[in-house]
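1. Just the structure for this:
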Amino acid sequence: MAVKRIVANLTASDPVALAMFYKDVFELDLPHDMGWIAFLSKSTTQKIELHTASEGGSGTELPVISIGVSDLDATHAAVRAAGAEIVYGPTTEPWGLRRFFFRDPAGNLINVVDS
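-> Sure thing, here's the model as predicted:
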């Protein structure tokens, strides 16, 4: 048996509105919208990762998902422009990772990483 994909599901009272937030901020595609669930994607080669953790690092709350981006500063600006609350960073962690956390419109804690 081979794992082919792992998908993160974020709870939202208005899934389409939350999907539009992510679509706009992270320039994702919205290929499927059923009202109660919306699929976001990007045509790239993705690797499968699943992390288990007791905290988010540096004593922070554990985010529900991590999103790797090519330009952390531009993403930070887009998240702020979208009105999301920045709750941590941007910072360079002692282990060399540069990142920030924000709360999306549904209250989910998201980790954005310079990858």
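2. how close does Gly96 get to Tyr88?
-> Using CB to CB, to the nearest Å, one gets 17 Å for the distance from Gly96 to Tyr88. (Each C-beta comes from the backbone N, C-alpha and C, glycine too.)
3. Among those two, which residue is more densely surrounded?
-> Tyr88 (17 against 6; other CB atoms under 10 Å).
4. Counting neighbours, show which residues of the strand or helix carrying the more buried one come out buried.
-> Using DSSP states H and E, Tyr88 sits in strand 85-92. Judged by neighbour count (16 or more other CB atoms under 10 Å), strand 85-92 contains these buried residues: 88-89.
5. Then stretch 46-61?
-> Buried positions in stretch 46-61, judged by neighbour count with 16+ other CB under 10 Å: 56, 60.
6. What is the neighbour count of the nearest residue to Val79 once chain neighbours are set aside?
-> Residue nearest to Val79 in three dimensions, not counting chain neighbours: Phe102, with 5.1 Å by CB to CB, 6 or more residues apart in numbering. By the criterion of other CB under 10 Å, Phe102 has 22 neighbours.
7. Confirm that Phe102 sits in a strand.
-> Yes. Assessed with DSSP: H, G, I helix; E, B strand; the rest coil, Phe102 lies in a strand.
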